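Engineer: Need coordinates for the below:
(one chain, ligands or ions: 2)
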Amino acid sequence: MPKITINGKDFDFAPGQTILQVANAGDVPIPQYCYHDGLSIVASCRICLAEVWAPNPRNNNKLESLGKLLPTCQTACTEGMVVYTDSPKSIANQKAVMEYLLINHPLDCPVCDQAGECFLQDYSYEYGRGVSRFEEAKVKQPKKDLGPHVYLYSDRCIMCSRCVRFTREVTGTAELMVEGRGNQEQIDVFPGVALDNELSANVTDLCPVGALLDKDFLFTQRVWFLRQTPSIDGVTASGDNIRIDHNEGRIYRLKPRTNLNVNKWWISDEIRYSYKFVHREDRLRWASTTTKTGQRVETELNRAYNAAAAGLRAALYGSDAQSTSAPSRRLALVVSPMLTCEDAFLLATAALAIDPRAVFAVGPIPRQGNDKTFPGGYTVYAEKAPNARGVRRVLEALARDRRASDGHVRSFEELTGWLASPGAAELGALILTGNYPSEWVTEELAATVARARDRAGLFTLLIDTLPNRFTQGPAAFDVVLPSATWTEKAGTFENAKNLLQSFEQAIPVLDGCRTESQIALDLVHEWTTGSALGSPRDNAAETRRRMADPSRGGSSSLATFLTDVHHPAIEVKQDADMEMVEL
Ligand code: SF4
Ligand code: FES
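Structural biologist: Ligands and ions are numbered 1, 2, ... in the order given. Here you go, the predicted model:
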């Protein structure tokens with residue numbers, strides 16, 4: 001493979017790679033503002049310039065300087081090239097560029113959201129002069145409201161044009177432009193056209209300084225207080241890799257994690273702001289039951305488990321409630337496509353412990369319009385559920401291997417059709433799971449279930465996160481258990497392209513709630529011992545091992561959960577640049 005040398009170290013390169021790409025891959029620090037892997041190369045900021053030498057074939061391949069400093073982001077590597085980003089000439093350029101960029105910069109770091117993750121700050125410290133020689137008045141630029149999600153603080157802009165290129169090359173919407181010349185240059189939108197596309201807030205990630213800011217995050221947290229947890233999109237079928245930034249149990253923002261096979265560098269605004277329902281004031285926090293007089297009462301979780309087990313036993317085993325004979329009626333379990341594969345496995349296992357002939361169905365899969373692919377290759381999926389395929393995969397494996405659910409998994413439409421038919425009398429109990437980010441129980445669905453309850457005396461158990469027609473009012477379920485969102489648990493989702501990806505728990509489970517996996521483990525313990533106390537703790541990695549082990553109720557076809565799940569790369573902890581002094 002051809003080689004180049006950067007600051008004394010040799011690197012292999014592929015034809016077409018630029019010096020900066022090779023340096024970035026080899027962890028050689030070269031300052032860069034306008035360059036981004038996902039955008040075209042314009043070489044406008046000039047901070048990456050370096051001294052470059054190369055063999056001259058017309059002079060016996062003698063190493064010769066290429067003269068002027070060259071932009072490493074735009075210069076393709078050639079065999080035997082020798083690059084110095086730490087030579088006196090290169091360093092003088094870095095200092096000059098930094099001084100130039102800061103001439104009109106307001107230096108308002110104490111009130112800037114970007115402080116702590118700003119490349120102007122970092123490069124000032126590493127490559128800047130430390131003092132400014134500029135004594136004239138700075139040019140003041142306005143703040144602008146660019147669209148529903150983004151503010152522009154023009155006087156912090158360094159004109160790298162990343163944001164402009166993003167709207168032209170990735171979204172193809174071209175709302176942004178550079179207007180004016182010289183020190184009057186500004187980023188702007190065209191008159192009457194807001195920055196309003198499905199990916200608009202990505203420009204706030206792209207902006208290397210604090211010029212483009214996310215309205216949603218504005219002035220909410222200093223970034224150094226945030227802890228970061230790798231996760232996966234929890235509201236659409238994209239499987240986009242995200243990072244959850246949180247502090248003291250509260251999520252402040254979601255950011256994209258780079259995955260070139262899935263979302264590249266981007267996420268949609270829908271995914272970026274999808275965490276809002278996690279902190280809704282009206283989240284279900286308490287278990288509740290319906291009394292014999294039809295009153296709704298909040299109850300302690302263990303009592304609710306007790307009521308659930310008693311209700312299931314009476315509904316399925318009838319007067320034989322204490323005997324060990326086969327249930328006279330069947331249990332239907334509906335697993336929501338918002339749940340993890342681990343949740344699906346443990347819920348199905350619990351259902352089979354209660355009724356070996358239990359019927360499985362996948363919950364309703366919301367869709368909105370059609371898939372939309374942008375010119376940059378990013379797709380916004382119409383399917384608004386993260387794990388319809390994973391849930392079905394797990395349920396089908398158990399239905400097949402444990403001869404349950406008549407050997408197949410029903411769609412939600414099939415199940416509701418069954419509930420609406422006279423055949424519903426065969427069903428004695430329904431366990432329904434939700435966990436959707438917004439209202440999902442339609443009037444029609446509530447009426448169908450209510451009719452089945454009236455006709456067949458169906459016992460109903462709901463596991464959900466937000467209030468809906470099944471948690472209150474005339475259609476309320478017999479027992480409601482409050483559950484946890486995907487940000488409060490670890491697990492695995494299978495995306496629209498059948499990629500299995502695991503994610504970590506970011507924030508603690510809301511007080512009073514449990515993950516669906518934990519609820520399933522508690523229910524089995526309650527069913528078999530008469531108490532949920534002492535049930536095993538939910539552990540996603542352990543559940544995946546169990547899923548793959550037929551001797552522990554798993555299935556050999558679920559061994560894929562041990563071999564094919566993509567786990568998030570563990571971020572390397574960075575050492576502080578400054579020495580910490582204990583006082
Ligand atoms: S607003 Fe940010 S991304 Fe856009 S040109 Fe200015 S510095 Fe670059
Ligand atoms: S990163 Fe090379 S000129 Fe901007």
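Engineer: what's the pLDDT at the residue of the stretch 201-350 of the chain found nearest ligand 2?
Structural biologist: Per Cβ to the nearest ligand atom, Pro208 is where the stretch 201-350 of the chain lies closest to ligand 2, at 9.7 Å. (Each C-beta comes from the backbone N, C-alpha and C, glycine too.) Per-residue confidence at Pro208 stands at 97 (pLDDT).
Engineer: Distance of the closest residue in space to it that isn't next to it in sequence relative to ligand 1?
Structural biologist: Nearest-residue entry for Pro208: Phe119, 4.0 Å, with adjacent residues in sequence omitted and distances by Cβ to Cβ, 6 or more residues apart in numbering. Remark: distance between Phe119 and ligand 1 (Cβ to the nearest ligand atom, to the nearest Å) = 9 Å.
Engineer: shouldn't Phe119 be in contact with Tyr33?
Structural biologist: Yes: counting by Cβ atoms under 8 Å, Phe119 does reach Tyr33; the two are 6.4 Å apart.
Engineer: Residues that sit against both of these two, list them.
Structural biologist: Pro208 (Cβ atoms under 8 Å, 6 or more residues apart in numbering).
Engineer: What ranges does the stretch 151-300 of the chain have for its strands?
Structural biologist: Per DSSP state E, counting those that start in this stretch, the stretch 151-300 of the chain carries strands over the ranges 176-179, 186-189, 212-214, 227-232, 241-247, 250-256, 287-290, 296-299.
Engineer: How about the stretch 451-583 of the chain?
Structural biologist: Going by DSSP E, counting those that start in this stretch, the stretch 451-583 of the chain shows strands at 459-464, 479-482, 491-494, 500-503.
Engineer: Which of the ones you listed sits closest to ligand 2?
Structural biologist: So among those, strand 500-503 is nearest, using Cβ to the nearest ligand atom, at 31.7 Å.
Engineer: Flag every residue of the stretch 101-250 of the chain that's near ligand 1.
Structural biologist: Within the stretch 101-250 of the chain, the positions near ligand 1 by Cβ under 6 Å from any ligand atom are 157-163, 187, 206-207, 209, 211-212.
Engineer: okay if I get the residues you listed as CSV plus neighbour count?
Structural biologist: Formatted as CSV, those follow (neighbours: other Cβ atoms under 10 Å):
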residue, neighbour count
Cys157, 23
Ile158, 23
Met159, 16
Cys160, 26
Ser161, 21
Arg162, 23
Cys163, 26
Ile187, 25
Leu206, 19
Cys207, 27
Val209, 20
Ala211, 26
Leu212, 29
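Engineer: Which of those residues fall in helices?
Structural biologist: Using DSSP state H, the members of these that fall within helices are Arg162, Cys163, Leu206.
Engineer: wait, doesn't the second one sit right on Ile187?
Structural biologist: Yes: the criterion here is Cβ under 8 Å, and Cys163 meets it with Ile187 at 6.3 Å.
Engineer: anything in contact with each of the two?
Structural biologist: Contacts common to Cys163 and Ile187, judged by Cβ under 8 Å, 6+ apart, are Leu176, Leu212.
Engineer: Look at the residue in the stretch 401-550 of the chain positioned nearest to ligand 1 and report its pLDDT.
Structural biologist: Nearest residue of the stretch 401-550 of the chain to ligand 1 (Cβ to the nearest ligand atom) works out as Ala506 at 27.7 Å. Note on Ala506: pLDDT of 97.
Engineer: ditto for Gln574
Structural biologist: According to the prediction, Gln574 has pLDDT 54.
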